[in-house]
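# missing the sequence, but the structure's below:
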């Protein structure tokens, strides 16, 4: 009997750790819809699971009624705040791009390093429930900055050129006028 109860307890614990639903998020797939149905409770599509092979940007924007704030937990933490995103931001494209650039909607962009993430999002439903919002994941490309060894090689090369120019014998020419 004890063995059966221990087995049932182990199964119950294992299933309690697994989220009710999980959504796999792919970098570059654009904005994805989600909804908070109760204040402080993870959204319908939480958790958002993904793996980055390089740096990434995880973004959330309110998109239904202005005034809601969303909180991230898990692999990234933070809360949305009210500001107008730039029209030049990667988030300004797609269906929710106008929400991203509108200061009336709360939003957040979190920079992430390569790794595996599982992020849960909950809303406060200040403007009412259900509260719609959107999520996106973008890979971040960094500009090419030479490594320190490349800089060292370049400086040695410039030094070698300078040394060679300095060591070159000067040629004197004389001009005679008749």
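Okay, I see it. Remember, it's a predicted structure, so these values are computed and weren't measured experimentally.
# From here on, just use CA atoms for contacts and neighbour counts.
Will do.
# Tell me who's in contact with residue 32.
134, 135, 136 (CA atoms under 8 Å, 6 or more residues apart in numbering).
# Tell me what it is bridged to.
residue 135 (DSSP bridges).
# Repeat that for residue 120.
The partner residues for residue 120, given DSSP bridges, come to residue 73.
# again, but for residue 56
Here residue 56, judged by DSSP bridges, has bridge partners residue 112, residue 139.
# is it possible to export the contacts of residue 32 to JSON lines including neighbour count and pLDDT?
Below are those laid out as JSON lines (neighbours: other CA atoms under 10 Å; pLDDT from 0 to 100):
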{"residue": "134", "neighbour count": "21", "pLDDT": "97"}
{"residue": "135", "neighbour count": "22", "pLDDT": "97"}
{"residue": "136", "neighbour count": "22", "pLDDT": "96"}
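# could you dump these to a markdown table with distance to residue 122?
A markdown table is the format used below for the contacts of residue 32 (distance: CA to CA, whole Å):
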| residue | distance to residue 122 |
| --- | --- |
| 134 | 12 |
| 135 | 12 |
| 136 | 16 |
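# of all these, which comes closest to residue 69?
residue 134 (12.3 Å; CA to CA).
# Report the separation between the closest one and residue 89.
15 Å (CA to CA, to the nearest Å).
# Next: residue 54.
19 Å.
# The nearest residue to residue 126 once chain neighbours are set aside: neighbour count?
Using CA to CA, 6 or more residues apart in numbering and skipping residues adjacent in sequence, the residue nearest residue 126 is residue 68, 5.2 Å away. Neighbour count for residue 68, taken as other CA atoms under 10 Å: 27.
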